[in-house]
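[1] sequence first, predicted coordinates after that:
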Amino acid sequence: MEDQNNVKKPLLPPTLPRWWRVLLPLSLIVIISTIDKIVLNDFIEYRYTIYYGLNSSSTQNNHELCLNASRRSHYSTASILLTTTTPKYPVSTTLSPNEQIQASNAHLNVLLSLAATVPSILISILLGANCDRIGRKSLVALPFIGKSIRYFILIFVAYYDLSNIWIILSVIFDGIFGTAALSILSSFAYVTDCTNEKKRTSSITVTEVSLVGSRLLPLLLVGIYLQHPRYVQLMIFTLLLSVSGFIFCIFFQPESKLNVQHLNMFQQLKQCEFQTIAKSFRVFSVKRKEHKQRSLLMLVSIHLLSIIMLLGNMSINFLYLYGAPFCFDSFGVSLNNSVQIVTTVLLTIPFTLFIAKRTDHLLLPMLGCLAYITQLILFGIAPKNWILHLAAGIGGILYVLIPIIRSRITKLVEPDEYAVVFILASVVESGGYYAISALTNEIYQLSLSFYPGLVFFCLAIVGVITIILMSILYILEYRPAETEKTLSLNE
């Protein structure tokens, strides 16, 4: 308390910054995370290809190996004879070499996810609960430190061919500083601080699409670049991006919470209190007028289920596409994800201009959720590669329409409760992501020998539950409106 009193307050009264001022650090952390996902998956795939003594001098060689494996029976021991070199380690006789690599990759992903789950959840709860107290700027900046440490370690792993324990350690450091999810959710809270109810839906939609759109260029460029294994250079570049993002946040990013605008990042973090955690969750038990408490709880549940469905797909998408029978290379995976991004951006333009400012009807996110379920089912049954691209485009509809749920949640709470209601989302998106990733990779590993697409049907079930909840909420909101209309007519 004394530290805060000793800080000199500005002579001029604090003012709210423009909401779009947060888009640059948001885009930067998304670019880093996008590079992170594709480079780590490709790097692990490459390491296990070397581990089993197979030819991996280029992506094309891996692609041909995968295609050969997909043409043969799972139980054919001849698959081992088709490798270009003698394996250094025993290869399973019930799995093709490609499937063995996929299984090992999935197993390491489970370990990585479990290692990062606990620290990221604890940090998300502590900082998320104090977000309204300490401000947004420090939480937007903090994950850049974790990314910098992560890539500093990964550079040495790639250059000196260190063991997997160092990869796990890099992920733990990323989790300790909140991961990119903390920065993303703080950015949405920032936008909410700086907008009124009339402009909030369109502003959140633009922010959501900026988030999705920021993935397009790095996906394509990294996909092309990784046609040959040049990981060290790419990791150095990502390290420089992470350091640059942190420097920008410290010196140029304004604070949206007026009461802590005069504090620097470290002074803001010192304001954290553990007792705030217990107080923050009371926002869900506060009685509100006109059934707002019930609507809030249901909307938060819908939001969390949507996040689980999205993160589950993201955690397994790259690994699944690398495997047989699709055998995508790094560019193919990037192209598939880019189709979804382009679809999202193109649909956002008419949505923002003609729909977002006029309605936030629940039927819209229900339609988006149905589109994403369609994507998941098509991924699970697709016999051809072009169907995967079609499915990705259909799934992009959800990214356009799901911001309606975020906007509805903010309209049900007070201004000082914005960040608190998203704590659970922060936990799911940061620590929960690793737990979801561990589960989806484990399902994929177990079903690899009989039906690799099973994991997508499991995620589709989550989507069905989400639609059911939205339907119930729609009915509950519709009935009181009809009752009030009937009473007014009778009077």
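    Nice, I can see it.
[2] mind jotting down where the strands sit in the chain?
    Counting by DSSP state E, the chain forms no strands at all.
[3] in it, where is pLDDT below threshold?
    Where the chain drops to pLDDT under 70, the residues are 1-13, 54-95, 279-281, 283-285, 288, 290-291, 415-426, 428, 430-432, 479-491.
[4] what about the spatially most central residue of it, distance to residue 155?
    For the chain, the residue sitting closest to the mean C-alpha position, by C-alpha atoms, centre = their mean, is residue 311 at 5.6 Å. Distance, residue 311 to residue 155, using C-beta to C-beta, to the nearest Å: 27 Å. From N, CA and C alone the C-beta is placed, and that goes for glycine too.
[5] what does residue 399 give?
    Applying C-beta to C-beta, the value for residue 399 to residue 155 is 32 Å.
[6] starting at the chain centroid, how far to stretch 315-324?
    16 Å (C-alpha atoms, centre = their mean, to the nearest Å).
[7] what does stretch 382-392 give?
    For stretch 382-392, the distance to the chain centre is 22 Å (C-alpha atoms, centre = their mean).
[8] can you list the buried residues in it?
    Buried residues in stretch 382-392, counted by 16 or more other C-beta atoms under 10 Å: 382, 388, 389, 391, 392.
[9] give the contact list for the third one.
    This points to residue 389. 335, 336, 339 (C-beta atoms under 8 Å, 6 or more residues apart in numbering).
[10] out of the residues you listed, who's the most crowded?
    residue 336 (23 neighbours; other C-beta atoms under 10 Å).
[11] ok, for that residue, nearest residue in space, not its chain neighbours?
    residue 392 (5.3 Å; C-beta to C-beta, 6 or more residues apart in numbering).
[12] go through the buried residues of stretch 382-392 and name the one nearest residue 460.
    Proximity of these to residue 460 (C-beta to C-beta) peaks at residue 391, which lies at 11.7 Å.
[13] quick one, what contacts the closest one?
    With C-beta under 8 Å, 6+ apart, residue 391 has these contacts: 374, 375, 378, 379, 382.
[14] gap between the first one and residue 148?
    Summarising the geometry, the distance separating residue 374 from residue 148, computed by C-beta to C-beta, is 39 Å.
[15] same question for the fourth one.
    Separation of residue 379 from residue 148 (C-beta to C-beta) stands at 34 Å.
[16] now render the contacts of residue 389 as CSV, adding distance to residue 173.
    Compiled in CSV, the contacts of residue 389 are given as follows (distance: C-beta to C-beta, whole Å):
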residue, distance to residue 173
335, 31
336, 30
339, 33
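[17] mind checking which of those are in helices?
    335, 336, 339 (DSSP state H).
[18] about what we covered before: more crowded one of residue 374 and residue 148?
    Using other C-beta under 10 Å, the more surrounded residue of residue 374 and residue 148 is residue 148, with 23 against 18.
[19] which residue packs closest to that one, ignoring adjacent ones?
    In space, and not counting its chain neighbours, residue 148 is closest to residue 242: 4.2 Å by C-beta to C-beta, 6+ apart.
[20] what comes into contact with stretch 335-354?
    By C-beta under 8 Å, 6+ apart, stretch 335-354 touches 202, 205-206, 209, 212-213, 215-216, 219-220, 223, 317, 321, 328, 388-389, 392-397, 399-401.
[21] run the chain-centre distance for that stretch.
    17 Å.
[22] quick check, residue 25 in contact with residue 180.
    No - applying C-beta atoms under 8 Å, one finds residue 25 not in contact with residue 180, separated by 10.8 Å.
[23] if we can go back for a sec, and which of the contacts of residue 391 is nearest residue 231?
    Nearest to residue 231 among the contacts of residue 391: residue 379, at 27.3 Å, using C-beta to C-beta.
[24] now that closest one, nearest residue through space, not along the chain?
    The shortest distance from residue 379 to any non-neighbouring residue, by C-beta to C-beta, 6+ apart, is to residue 456 (4.7 Å).
[25] please apply the same query to residue 152.
    residue 239 (6.1 Å).
[26] next one: residue 264
    Spatially, and ignoring its direct neighbours in sequence, residue 264 is nearest to residue 250 (7.8 Å; C-beta to C-beta, 6+ apart).
[27] and residue 200, by the same measure?
    Ranked by C-beta to C-beta, 6+ apart and with sequence neighbours excluded, the top spatial neighbour of residue 200 is residue 407, at 5.4 Å.
[28] ok, how many other residues are close to that neighbour?
    Around residue 407 there are 20 residues (other C-beta under 10 Å).
[29] contacts only, for it.
    By C-beta under 8 Å, 6+ apart, residue 407 lies in contact with 200, 201, 204, 360.
[30] now swap in residue 235 and tell me
    39, 151, 154, 155, 158.
[31] and for residue 20?
    Residues in contact with residue 20 (C-beta under 8 Å, 6+ apart) are residue 206.
[32] residue 165 versus that one, what's the distance?
    Shown here: residue 20 relative to residue 165, a distance of 42 Å by C-beta to C-beta.
[33] also residue 181?
    Look at residue 181 and residue 165: by C-beta to C-beta, they are 24 Å apart.
[34] repeat for residue 232
    19 Å.
[35] looking at the two, which is more packed in?
    residue 232 (15 against 11).
[36] returning to that earlier point: tell me the one of the contacts of residue 389 nearest residue 100?
    residue 336 (23.9 Å).
[37] ends of stretch 224-234, how far apart?
    12 Å (C-alpha to C-alpha, to the nearest Å).
[38] what are the buried residues along it?
    So, applying 16+ other C-beta under 10 Å, buried residues of stretch 224-234: 225, 226, 229, 231, 234.
[39] quick one, what contacts the second one?
    Which is residue 226. Taking C-beta under 8 Å, 6+ apart, one finds 38, 39, 42, 59, 234, 330, 331 in contact with residue 226.
[40] which of those residues has the most neighbours?
    Neighbour max across the contacts of residue 226 (other C-beta under 10 Å) = residue 330, 28 neighbours.
[41] from residue 310, how far off is that residue?
    Noted for residue 330: a distance of 22 Å to residue 310, by C-beta to C-beta.
[42] what's the answer for residue 150, then?
    22 Å.
[43] neighbour count: those two, which is higher?
    Shown here are residue 150 and residue 310; by other C-beta under 10 Å, residue 150 has more neighbours (28 against 21).
[44] my read: the residue nearest to residue 148 touches residue 147, true?
    Yes - Residue 242 is within contact range of residue 147, at 3.9 Å (criterion: C-beta under 8 Å).
[45] overlap of the contact sets of the two?
    residue 32.
[46] so which of the two has more stuff around it?
    residue 147 (29 against 24).
[47] that one contacts residue 180, correct?
    Yes - with contacts counted by C-beta under 8 Å, residue 147 reaches residue 180, the gap being 7.5 Å.
[48] so what sits against both of the two?
    With C-beta under 8 Å, 6+ apart as the test, residue 147 and residue 180 both reach 29, 32.
[49] check contacts around the nearest residue to residue 166 once chain neighbours are set aside.
    In this structure, residue 166 finds its nearest non-sequential neighbour in residue 157, 4.8 Å apart by C-beta to C-beta, 6+ apart. For residue 157, the contacting residues are 166, 167, 170, by C-beta under 8 Å, 6+ apart.
[50] ranking by neighbours, what's the top pick from those?
    Top of these by neighbour count (other C-beta under 10 Å): residue 170, with 25 neighbours.
[51] ok, that one - contacts?
    Counted by C-beta under 8 Å, 6+ apart, residue 170 has contacts 149, 150, 151, 153, 154, 157.
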